[in-house]
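# no sequence for this one, just the structure:
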């Protein structure tokens, strides 16, 4: 083994970096409020998307039912054929 292991060097570097970092007292509260705001926005967006999907599906279903059971158009030149046995 060499005298200086890369893991030891990395550990020393990270320890030196950790001692120089100063934590902000409001950092957690700010991060938490930002996360909650994004979560509320995501949930609201998903709710709107779900409601829009259901509304479009309902409209398509009602249109399909209405067009399926519409009476046939009246034709002046309609000829009825009666087949007798």
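Sure, I can see it. Here the structure is a predicted model, which means the values were calculated and not measured. Residues are numbered from 1 along each chain as shown.
# what ranges of this protein fall below the confidence cut-off?
Applying pLDDT under 70 to the chain flags the ranges 1-3, 70-73, 75.
# chain center to the longest helix anywhere in it, what's the gap?
Ranked by residue count and defined by DSSP state H, the top helix of the chain is helix 27-68. With CA atoms, centre = their mean, to the nearest Å as the basis, helix 27-68 stands 8 Å off its chain's centre.
# so what secondary structure elements neighbour that helix?
Applying 3 or more CB pairs under 8 Å, 6 or more residues apart in numbering; DSSP states H and E, we find helix 27-68 packed against no helix or strand. For glycine as for every other residue, the C-beta is placed from the backbone atoms N, C-alpha and C.
# Please shift the residue numbers so they start at 6 in all later answers.
Happy to do that; since the first residue is 6 now, the last one works out to helix 32-73.
# which parts of the helix or strand harbouring residue 15 are buried?
Using DSSP states H and E, the element containing residue 15 is helix 11-25. When burial is assessed from 16 or more other CB atoms under 10 Å, helix 11-25 yields no buried residues.
# if I look at residue 63, how far off is residue 33?
45 Å (CB to CB, to the nearest Å).
# Equivalent analysis for residue 39, please.
As judged by CB to CB, residue 39 and residue 33 stand 11 Å apart.
# cool, residue 53 as well?
Plainly put, residue 53 is 31 Å away from residue 33 if you go by CB to CB.
# cool, and residue 86?
84 Å.
# For those two, work out which one has more neighbours and name it.
Using other CB atoms under 10 Å as the criterion, residue 86 and residue 33 rank with residue 33 on top: 10 against 4.
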